[in-house]
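Visitor: Quick one, what's the 3D model for this:
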Amino acid sequence: KEFIVLVYGGLRGALGLSLALMVYVDDTIHNDRFKDLTLFYMSGMAVLTLLVNGTTCGPLVNYLQMIHVPAIKHRLYQNCKLRINKQVSRHYEQLEGSRHLTMANWKKVRTICHVEKQASQERESASDYSSMPADEIFEELRYRILKEVKRITWEQYEQGHASE
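Guide: Numbers count the residues shown, from 1 in each chain. Predicted coordinates:
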């Protein structure tokens, strides 16, 4: 699967374009029309492969089912979305109660901003991870801790507190 995506996604005309540029700047070739046509056709091929392969590589990866999102990541995403919606709803209610914004059409604002009522959000499941497999939880936790340690290490290195 990886080989298919590597070949399909990697063939975007960079090598052909670089070779055409080498022909274009070569002083030993005196036929300017040949140089121009070579560069034109290779540029066209590079653009075509970029458009076709570049836009269809994502669906190919999905078709080959190479990207698997663990259930814990999906649950974390849902809980994060729920918390953001609750915060937005609270701020919306504060703005709605402001005496400076009494002329606003709050139904239209709610529709445009896709603000959901807090009561409907509370009906959604809370952040319960008990049904999640323990190995997925630990894997995600380990990944996040290592990512944070890496960030802190690079930050310390850039500030000159850590050496090579």
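Visitor: what's the burial count for I72?
Guide: 19 (other C-beta atoms under 10 Å). Backbone N, C-alpha and C define where each C-beta goes, glycine included.
Visitor: now it: how far from L15?
Guide: 41 Å (C-beta to C-beta, to the nearest Å).
Visitor: buried residues in stretch 92-103?
Guide: Residues of stretch 92-103 classed as buried by neighbour count (16 or more other C-beta atoms under 10 Å): Y92.
Visitor: Mean confidence (pLDDT) on it, please.
Guide: Stretch 92-103 carries an average pLDDT of 87.
Visitor: mean confidence for stretch 111-119?
Guide: Stretch 111-119 shows a mean pLDDT of 67.
Visitor: pretty sure Q156 contacts A162?
Guide: Yes: assessed by C-beta atoms under 8 Å, Q156 is found in contact with A162 at 4.3 Å.
Visitor: Please name every helix or strand in contact with whichever strand or helix holds L17.
Guide: In this assignment (DSSP states H and E), L17 forms part of helix 14-25. Under the contact definition 3 or more C-beta pairs under 8 Å, 6 or more residues apart in numbering; DSSP states H and E, helix 14-25 sits against helix 32-63.
Visitor: for the protein, what spans make up the helices?
Guide: Here the chain has its helices, by DSSP state H, at 2-10, 14-25, 32-63, 71-96, 106-113, 118-122, 134-158.
Visitor: Can you give me the buried ones in the third one?
Guide: By neighbour count, and taking 16+ other C-beta under 10 Å as the criterion, the buried residues in helix 32-63 are K35, T38, L39, M42, A46, T49, N53, V61.
Visitor: any idea of the angle that helix forms with helix 2-10?
Guide: In terms of direction (axes from the mean of the first three to the mean of the last three C-alpha atoms, to 10 degrees), helix 32-63 departs from helix 2-10 by 140 degrees.
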